[in-house]
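1. Dropping a prediction and its sequence here:
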Amino acid sequence: VKGDVIVPPVDFTPCKDLYCAVVLPHTVPGEGKSIILCKSWKGGNLQIDLYTTEGKKMTNIYAGTIGEGVFITQWDGKDPEKKNTFKGNYKIRWTINDGYREFPVVIN
């Protein structure tokens with residue numbers, strides 16, 4: 001690398017039970033689906049929500065109990081109950097036990 005390297009600040013959210021939380025691809029396609037994935041050290045009640053970048057909850061994507069290991073679900077960028085389509089920059093929040101993790105997404 002030539003020149004200065006600028007590392008952007010990363011705001012890690014506290015969650016001792018999740019060691020992986022990601023949306024693949026992070027750009028939710030207009031006519032397709034993304035995979036929402038997490039890996040946990042410990043099971044519990046998991047809630048996956050869509051939030052604005054300012055922190056306002058928009059909709060719940062999943063709520064249920066998971067065990068230790070990998071949890072995967074698919075999502076098409078719509079509100080599961082009202083079928084509203086979201087567009088723009090958001091973040092997905094996984095909440096389990098006493099912590100949460102967040103990951104940025106772009107919905108087309």
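-> Looks like it came in fine.
2. Point out where this structure drops to low pLDDT.
-> Applying pLDDT under 70 to the chain flags residues 8, 10.
3. residue nearest the centroid of it?
-> Nearest to the mean C-alpha position of the chain, by Cα atoms, centre = their mean, lies Ile92 at 2.9 Å.
4. any idea which helix or strand carries that one?
-> Ile92 is part of strand 88-96, with elements assigned from DSSP states H and E.
5. And for Cys15?
-> Here Cys15 is covered by no helix or strand, with elements defined by DSSP H and E.
6. What sits closest to it if chain neighbours are left out?
-> Gly99 (3.1 Å; Cβ to Cβ, 6 or more residues apart in numbering). In this view, the C-beta of every residue, glycine as well, is placed from N, C-alpha and C.
7. any idea how far Ile66 is from Cys38?
-> Distance of Cys38 to Ile66, computed by Cβ to Cβ, to the nearest Å: 8 Å.
8. Strands of this protein, start to end?
-> 18-24, 27-28, 34-40, 44-52, 57-66, 69-75, 88-96, 99-107 (DSSP state E).
9. Give me the sheet partners of the shortest one and which way each runs.
-> I take that to be strand 27-28. Strand 27-28 has the following sheet partners, assigned by DSSP bridges: strand 99-107 (parallel).
10. likewise the longest one?
-> With DSSP bridges as the criterion, the sheet partners recorded for strand 57-66 are strand 44-52 (antiparallel).
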